[in-house]
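Colleague: Could you look at this predicted model? Sequence included:
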Number of protein chains: 2
Amino acid sequence: MIVQKYKDMLKGKSVIRQLSEFATARGAEIGYENVFDFSLGNPSVPTPQKFTDVMIELLQNHDPMELHGYSQSLGIPAVREKVAQSLNKRFGMQYTGNHIFMTTGAAGAIAHAVRCVTQPGDEVLTFAPYFPEYQPYINLSGAVLKVVPANTEDFQINFQLFEEMLTEKVMAVLINTPNNPSGVVYTTDTVRKLTEIMAAKEKEYGHDIFLISDEPYREIVFEGTDAPYVSGFYNNSLSCYSYSKSLSLPGERIGYVAVNPACTDAEYITNMCAQISRGTGHNCPPSIIQLAVAEVLDLTADLSVYETNCNILYKELTSLGFECVKPGGTFYMFPKALEEDAIAFSEKAKAYDLILVPGDTFGAPGYFRLAYCIDTEKVERSLPAFRKFVREQYPQRISC
Amino acid sequence: MIVQKYKDMLKGKSVIRQLSEFATARGAEIGYENVFDFSLGNPSVPTPQKFTDVMIELLQNHDPMELHGYSQSLGIPAVREKVAQSLNKRFGMQYTGNHIFMTTGAAGAIAHAVRCVTQPGDEVLTFAPYFPEYQPYINLSGAVLKVVPANTEDFQINFQLFEEMLTEKVMAVLINTPNNPSGVVYTTDTVRKLTEIMAAKEKEYGHDIFLISDEPYREIVFEGTDAPYVSGFYNNSLSCYSYSKSLSLPGERIGYVAVNPACTDAEYITNMCAQISRGTGHNCPPSIIQLAVAEVLDLTADLSVYETNCNILYKELTSLGFECVKPGGTFYMFPKALEEDAIAFSEKAKAYDLILVPGDTFGAPGYFRLAYCIDTEKVERSLPAFRKFVREQYPQRISC
């Protein structure tokens, strides 16, 4: 029979999608170039030309039987080895190909990581503000996501609440740094303190607590930002990566789980992921995409536009009286709304063709997310709209 | 903590994989061309040149932002529409794009279909001989796979046992026609009788019983074979397709679920699949592969080699005294072993460099599977080995 649980999920439409649809509809009226659509986290710069060249070269010169043949369910061995070597070189790790499980993006990576280290009913902690898809990612696996409220001072971690919530039922902690939606990067101090607390609790409870580190924005870090490689701090770490953002390939669904070689049962985990795949229907990411990405592991799209946009928006919004923690990376920022109810705030902004996502969606009411992965020219054109919006709607808040 | 269930699965190594590894090792000794490796179901003919040409054209001439951008989690709308139209034209169905959910191959399709229509603990019936991956596909979803013993007379369906096992707990029936491993195609009579029984039981029990039809071999049907389109016979049908075999693209992970427009809640099912995806980490198949496949929907690789190989082997094996139901399609056949214990039989064959998979793996002990997706030249060279094997090991069985 039709399963009601999934049917019921259809009733809830994501706020982000509603706003994006509003932007599209409004664009049909006044031209999409005149809608300041900050709703969606889609890369706005093309993949490196080399990725395209490698794809064409593979198609032109390689035996199609081999090129399009089954990959092992863990991924193509030579690709896994190259990913390991690239991570070792950049982050001083000791991965081998055996520690890498190729996945269909970070969503696939988290789906496998969480099933490796949690049983149904176990708790997984994450920190607000957080990517809302963590709810289905974790809860549909049978584990239970619990959200540690935000440290709104700097969007690092509220350690007091974390320690209180890190009970014996917690088998994994899921973090996302650089963070969607705040744009904040956890500092070395934050990662050190987080992992020290986890290590102490592992000892106290007598069981592993895994750190699942979701890192799709790892390559988008702005000048002067301290951006430690999380798995270097904690043995029981599973890094979940996606090339969606760094190589601007969100549709091609390619990423991996990297298992810290020092973690419990490290020699089994990627093979366990392959067993889990048999149930999720994942199997392996597409062969040709694996092979092509392996040739551009140390490249990125031209990500500089995101920092440019960030600086423009941060300067303007703070001068307009917004409180905002300055992002250290990503293509998001997460200012405080100018009234308590960020949903009402976002609703009012629509009249100025400013599409802003209320922070409630991310577990941090009172804030709003700007996804500034759009052309700089459009960012600049949005500034008068912000000024007008604030001047007309919140005259008491503005100094100029 | 590390989940023991998946760790335990690592102890069981599939017989097919063991045999394939033996073949590879033996190949290193005597040259792989001298090992008659009938173990693996990998296509042996290249993808149509047009697929390659379309891929290159997309890479050369299309905006990379659009080409590699996020697909909707149901698949790219224009691709879904083209798949629907192709099925309608070929099979007289009434699909629209809304009835098509694009997946990473048939494994992804079945993973979503089974979660749509079964709760944990519900039973799913399949028929021996069956593809062994159905065990993890179904059981790791929480449902329970039960296997109706084979009708060894013709590898159609043992209806008496089916009716006995089709209790109130059964929410879905999973079939695979053309069949791996038997090569047999269910006749119109078989499909009609199957669906009539299911329809009667739906009425009796007062709940839906879905037919999940796994069809990766749908395009590999030999001359004169009656090969009905299953979903045309039963409203509550979900067709699970993969392009792995028809287009020789097993590594590229592309397929779909096609929801019969007349089934219960037809308007919800593909959207439910997209909700399920959020938990499995599936999201969507790679954009470029979706776009390329959409341009070659009605093409296939040159599949004629499989029929040629089938005829050569069938003639030789039956003349050697093997009992065998003649395949109507696929690239498999499933003769009766020359002794009761097919595992012992397969073990003895290895001495003749014949790699044959015992039927126990497929729920039909006493039989063995030949995957003849290899070059015809090699099939011909294998015949003396079969003769020698039978003459020396089973002299009483041979007439010549």
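Modeller: Structure received. Quick caveat, the model's predicted, so the values are computed rather than measured.

Colleague: Quick check: closest non-adjacent residue to the residue most central in space within chain A.
Modeller: Nearest to the geometric centre of chain A sits residue A:216, at 4.9 Å (CA atoms, centre = their mean). Nearest non-adjacent residue to residue A:216, counting by CB to CB, 6 or more residues apart in numbering or on different chains: residue A:242, 4.1 Å away. From N, CA and C alone the C-beta is placed, and that goes for glycine too.

Colleague: Now the phi/psi pair for the one you found, please.
Modeller: Main-chain torsions, residue A:242, degrees, to the nearest 10: phi -140, psi 140.

Colleague: Quick check: it vs chain B, distance?
Modeller: 11 Å (CB to the nearest CB, to the nearest Å).

Colleague: Where do the strands of the stretch 301-400 of chain A begin and end?
Modeller: For the stretch 301-400 of chain A, the strands defined by DSSP state E, counting those that start in this stretch cover A:332-333, A:354-355, A:357-358, A:368-371.

Colleague: who touches the residue nearest to the centre of chain A in this structure?
Modeller: Neighbour list for residue A:216: A:105, A:106, A:180, A:241, A:242, A:244, A:245, A:246, A:255 [criterion: CB atoms under 8 Å, 6 or more residues apart in numbering or on different chains].

Colleague: how about JSON lines for the strands of the stretch 301-400 of chain A, with mean pLDDT, distance to residue B:95 and mean neighbour count added?
Modeller: Below are the strands of the stretch 301-400 of chain A laid out as JSON lines (pLDDT from 0 to 100; distance: least, CB to CB, whole Å; neighbours: other CB atoms under 10 Å in any protein chain shown):
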{"stretch": "strand A:332-333", "mean pLDDT": "98", "distance to residue B:95": "39", "mean neighbour count": "26"}
{"stretch": "strand A:354-355", "mean pLDDT": "98", "distance to residue B:95": "35", "mean neighbour count": "23"}
{"stretch": "strand A:357-358", "mean pLDDT": "97", "distance to residue B:95": "35", "mean neighbour count": "26"}
{"stretch": "strand A:368-371", "mean pLDDT": "98", "distance to residue B:95": "35", "mean neighbour count": "28"}
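
Colleague: Now tabulate these in CSV and tack on distance to chain B.
Modeller: Formatted as CSV, the strands of the stretch 301-400 of chain A follow (distance: least, CB to the nearest CB, whole Å):
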stretch, distance to chain B
strand A:332-333, 16
strand A:354-355, 17
strand A:357-358, 17
strand A:368-371, 13
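
Colleague: Could you dump those strands into a markdown table and include distance to residue B:132?
Modeller: Listed next are the strands of the stretch 301-400 of chain A as a markdown table, based on distance: least, CB to CB, whole Å:
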| stretch | distance to residue B:132 |
| --- | --- |
| strand A:332-333 | 45 |
| strand A:354-355 | 50 |
| strand A:357-358 | 46 |
| strand A:368-371 | 45 |
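
Colleague: count of neighbours near the residue in the stretch 301-400 of chain A positioned nearest to chain B?
Modeller: Taking CB to the nearest CB, chain B has its nearest neighbour within the stretch 301-400 of chain A at residue A:301, 9.3 Å off. Residue A:301 has 24 neighbours, counted by other CB atoms under 10 Å in any protein chain shown.

Colleague: Return the distance of it relative to residue B:58.
Modeller: 18 Å (CB to CB, to the nearest Å).

Colleague: With residue A:278 instead?
Modeller: Taken as CB to CB, the span from residue A:278 to residue B:58 is 31 Å.
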